[in-house]
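# this one's sequence-less:
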């Protein structure tokens with residue numbers, strides 16, 4: 001049969017309904033999908049040894065003849081074993097396979113095989129246990145080479161995937177090399193067909209490295225080009241002109257009970273200058289927990305209201321939305337600015353004790369509400385604005401791209417502009433990573449903390465020191481302080497973290513602190529109950545709050561002085577740093593205890609980085625090195641991390657190179673008219689990746 005890029009895998013030999021279902025589970029439906037399904041590592045079986053040269057406990061590859069093969073049943077476990085005697089011109093060796101009786105139908109005496117596996121000793125003789133085997137042919141797939149190892153799923157073997165990839169390579173001539181020849185020449189890249197052939201079945205290590213470099217370049221280049229084009233497209237859109245109200249802003253800043261840091265002043269000025277432009281702002285405000293992002297956003301919102309435009313603020317959780325509502329009420333208490341709150345369980349408006357949702361929505365549509373704070377509720381069809389000028393999204397990586405897009409396109413009575421967009425995140429993102437993840441956004445960074453904040457004392461607590469830590473926690477509670485306890489997900493199936501939190505809650509309330517008031521939060525608790533628990537903790541009615549990491553504990557509790565994290569080795573440093581930022585917000589000294597279940601050199605090295613450093617950006621860099629971006633930021637945060645198949649967000653040099661190449665290309669041909677193949681590729685890429 002002729003194999004095309006679009007050929008369904010169900011049409012390939014050996015692919016029945018069961019195998020097709022397993023392939024679909026991996027996202028593989030066509031020959032093209034397989035070509036771009038890259039191995040994550042390689043077994044080096046390229047060196048073929050003589051049997052007489054084999055060494056114990058070393059993984060090796062031999063080329064041998066089958067002298068004898070038979071099945072027999074083990075008397076101890078009643079397991080069927082397949083045993084073969086193999087020889088070459090130097091010596092003989094035994095191979096044993098477990099529970100594979102069918103092998104005697106596949107392998108016959110006289111066959112010549114490549115076999116790869118670990119050499120073990122049995123009494124005086126050597127043997128291979130469960131070796132990978134392959135009949136000798138011109139181009140081996142599974143042995144005697146750099147053997148690709150793919151991500152797979154239960155009941156789908158590496159041999160099956162390799163075989164199907166090899167078949168799919170028949171479609172390689174149909175692949176178009178979309179990268180401009182000038183870039184290929186300048187960067188000394190190999191062609192795409194060769195890269196795709198060699199990434200799966202490399203002839204040698206050096207060509208594998210060149211294939212990997214080419215495919216990484218392609219991924220990062222498309223992301224950079226997509227982001228830059230979006231940035232250029234935004235320049236063509238109209239946005240409301242929001243002038244800087246200098247005198248009023250100075251009075252507002254002077255009325256604050258604290259001084260702004262230089263970083264806050266700089267970020268606020270960058271945002272205010274953007275708002276004065278006729279094109280939509282698209283800016284990311286990034287800063288550690290407690291660095292003062294909300295006040296910076298409030299300055300922008302204040303100017304928006306003074307210019308008679310509305311603002312929308314969207315938070316990922318009800319707790320955070322309500323916190324923003326309360327904070328803004330305090331900040332604007334001296335002004336006539338009207339602030340509304342809209343979540344699934346709360347509807348409020350400043351100056352009114354009670355208000356129904358219908359009335360709030362009507363006032364918003366009439367332009368009588370200056371700021372509407374909410375959760376996903378803001379992107380419902382019945383929410384309309386009269387003259388929306390600024391959209392602020394808090395923790396924007398928590399929202400999928402489609403949700404962010406909907407918020408920017410909220411139904412307006414005036415359709416000749418789109419609102420300015422300010423995104424905020426407390427997740428520390430290294431600059432090179434931000435260029436990749438948010439390449440279409442301008443960046444403002446709050447890299448200093450407000451003066452007077454005490455540094456949180458951080459300590460790693462191994463199992464043998466738990467009792468001492470509990471005693472210290474009890475002493476702090478006796479002083480009137482409160483404690484956060486964070487639990488990790490223990491198993492993938494328990495995505496809401498109920499099991500871990502419930503277990504910890506029972507242990508603390510029955511065994512460790514039976515006399516104390518302890519609350520619990522996890523993903524299955526209803527919104528109203530969640531809000532009640534948080535309010536009880538905030539009002540000091542609870543001594544300890546046990547929570548999952550998936551529940552946002554973003555509310556400020558100045559009286560909480562201890563952050564106790566169970567299974568801390570399961571979290572990324574960036575996440576641990578964010579948890580730590582939830583304490584140390586009051587006048588008292590605060591503490592962060594990192595309880596561990598497992599130790600080891602890498603675990604200790606990682607956690608000690610947190611003990612020594614309070615710089616979120618440095619810690620994020622460290623975690624990228626230790627764990628990779630999916631672990632640091634959560635690989636399932638929709639719309640946050642680009643869908644990288646082979647490149648890494650730690651490929652800093654390559655990120656910079658692809659950025660420069662993309663910039664130069666767009667200067668030469670802004671609409672990509674000179675590069676029609678690339679233009680088509682970009683259209684497909686943007687559609688599948690949903691770059692914003």
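Sure thing, it's come through. Note that the structure is a prediction, hence the values are computed from the model and not measured.

# rest of the way, CA atoms for contacts and neighbours
Fine.

# report the longest strand in this structure, please.
In the chain, ranked by residue count with DSSP state E as the criterion, the top strand is strand 59-73.

# in it, which residues are buried?
Going by neighbour count (16 or more other Cα atoms under 10 Å), the buried part of strand 59-73 is 59, 60, 61, 62, 63, 64, 65, 66, 68, 69, 70, 71.

# check stretch 174-193 too.
Within stretch 174-193, the residues that count as buried by 16+ other Cα under 10 Å are 178, 179, 189, 190, 191, 192, 193.

# ends of it, what's the gap?
From its first residue to its last, stretch 174-193 covers 9 Å (Cα to Cα, to the nearest Å).

# average pLDDT for that stretch, rounded please.
Mean pLDDT, stretch 174-193: 96.

# am I right that residue 270 falls within a helix?
Yes. Checked against DSSP: H, G, I helix; E, B strand; the rest coil, residue 270 lies within a helix.

# state the number of residues packed around it.
15 (other Cα atoms under 10 Å).

# need the contact list for it.
residue 444 (Cα atoms under 8 Å, 6 or more residues apart in numbering).

# pLDDT score for it?
Note on residue 270: pLDDT of 97.

# from residue 681, how far off is it?
Counting by Cα to Cα - residue 270 and residue 681 are separated by 35 Å.

# check residue 611 too.
46 Å.

# what of residue 16?
32 Å.

# and what of residue 267?
According to Cα to Cα, residue 267 and residue 681 sit 36 Å apart.

# tell me which of the two has more neighbours.
Applying other Cα under 10 Å to residue 267 and residue 681 shows that residue 267 carries more neighbours, namely 20 against 17.

# nearest residue to that one other than its sequence neighbours?
residue 444 (5.5 Å; Cα to Cα, 6 or more residues apart in numbering).

# low-scoring pLDDT stretches of the stretch 1-150 of the chain, where are they?
138 (pLDDT under 70).

# can you give me the helices in it?
Here the stretch 1-150 of the chain has its helices, by DSSP state H, counting those that start in this stretch, at 17-25, 31-35, 103-106.

# just these: most buried one?
helix 31-35 (a mean of 23; mean count of other Cα atoms under 10 Å).

# can you report phi and psi for residue 352?
Note on residue 352: its backbone torsions stand at phi -130, psi 130 [degrees, to the nearest 10].

# what do you get for residue 459?
Residue torsions, per degrees, to the nearest 10, at residue 459 are phi -140, psi 140.

# work out for me the element the nearest residue to it once chain neighbours are set aside sits within.
Distances taken as Cα to Cα, 6+ apart put residue 593 closest to residue 459, at 5.2 Å, once the chain neighbours are dropped. Secondary structure from DSSP states H and E places residue 593 in strand 591-595.

# helices or strands up against that strand?
strand 457-461, strand 560-565 (3 or more Cα pairs under 8 Å, 6 or more residues apart in numbering; DSSP states H and E).

# give me the pLDDT for residue 397.
At residue 397, pLDDT is 51.

# likewise residue 199?
97.

# okay, now it: neighbour count?
24.

# so how far is residue 210 from it?
9 Å.

# now swap in residue 546 and tell me
Counting by Cα to Cα, the gap from residue 546 to residue 210 is 50 Å.

# more crowded one of those two?
residue 546 (22 against 19).

# what does the host helix or strand of that one contact?
Per DSSP H and E, residue 546 falls inside strand 544-548. Strand 544-548 is contacted from outside by 482-489, 496-498, 500-501, 504-505, 516-523, 537, 553, using Cα under 8 Å, 6+ apart.

# for the stretch 201-350 of the chain, give me the ranges with low pLDDT.
Ranges of the stretch 201-350 of the chain meeting pLDDT under 70: none found.

# can you give me the helices for it?
205-236, 246-255, 262-275, 293-306, 318-331.

# residue ranges with poor pLDDT in the stretch 401-550 of the chain?
401-415, 428, 430-438, 452, 490-499, 550.

# would you map the helices across it?
Under the criterion DSSP H, counting those that start in this stretch, helices of the stretch 401-550 of the chain are mapped to 401-408, 431-437, 466-478, 498-507, 527-538.

# other SSEs contacting the fourth one?
Translated: helix 498-507. Here helix 498-507 touches strand 482-487, strand 518-521, strand 544-548, going by 3+ Cα pairs under 8 Å, 6+ apart.

# how about a markdown table for these, with distance to residue 166 added?
Formatted as a markdown table, those follow (distance: least, Cα to Cα, whole Å):
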| stretch | distance to residue 166 |
| --- | --- |
| strand 482-487 | 45 |
| strand 518-521 | 50 |
| strand 544-548 | 45 |
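
# out of these, which gets nearest to residue 28?
Residue 28 lies closest to strand 544-548 among the helices and strands packed on helix 498-507, at 34.0 Å (Cα to Cα).

# in its sheet, what does the closest one sit against?
Strand pairing for strand 544-548, using DSSP bridges, gives strand 482-487 (parallel), strand 518-521 (parallel).

# which one of those strands is the most hemmed in?
Highest mean neighbour count of those: strand 482-487, a mean of 26 (counted as mean count of other Cα under 10 Å).

# domain ranges for the protein?
The chain breaks down into these domains under automatic domain parsing: 1-42+154-175, 47-144, 246-276+292-425, 457-613.

# for residue 450, which of those domains is the nearest?
Once the domains of the chain are compared by Cα to Cα, domain 246-276+292-425 is nearest, at 6.1 Å.

# and that closest one, end to end?
Start-to-end, domain 246-276+292-425 (Cα to Cα) is 27 Å.

# all strands for the stretch 1-150 of the chain, in order.
For the stretch 1-150 of the chain, the strands defined by DSSP state E, counting those that start in this stretch cover 41-44, 48-49, 59-73, 80-87, 92-98, 112-122, 125-129, 132-135, 146-149.

# mind putting those into TSV with distance to residue 259?
Shown next, in TSV, are the strands of the stretch 1-150 of the chain (distance: least, Cα to Cα, whole Å):
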stretch	distance to residue 259
strand 41-44	53
strand 48-49	71
strand 59-73	65
strand 80-87	77
strand 92-98	72
strand 112-122	66
strand 125-129	70
strand 132-135	68
strand 146-149	56
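
# which of these sits closest to residue 157?
With Cα to Cα, the closest approach to residue 157 among those belongs to strand 146-149: 10.0 Å.
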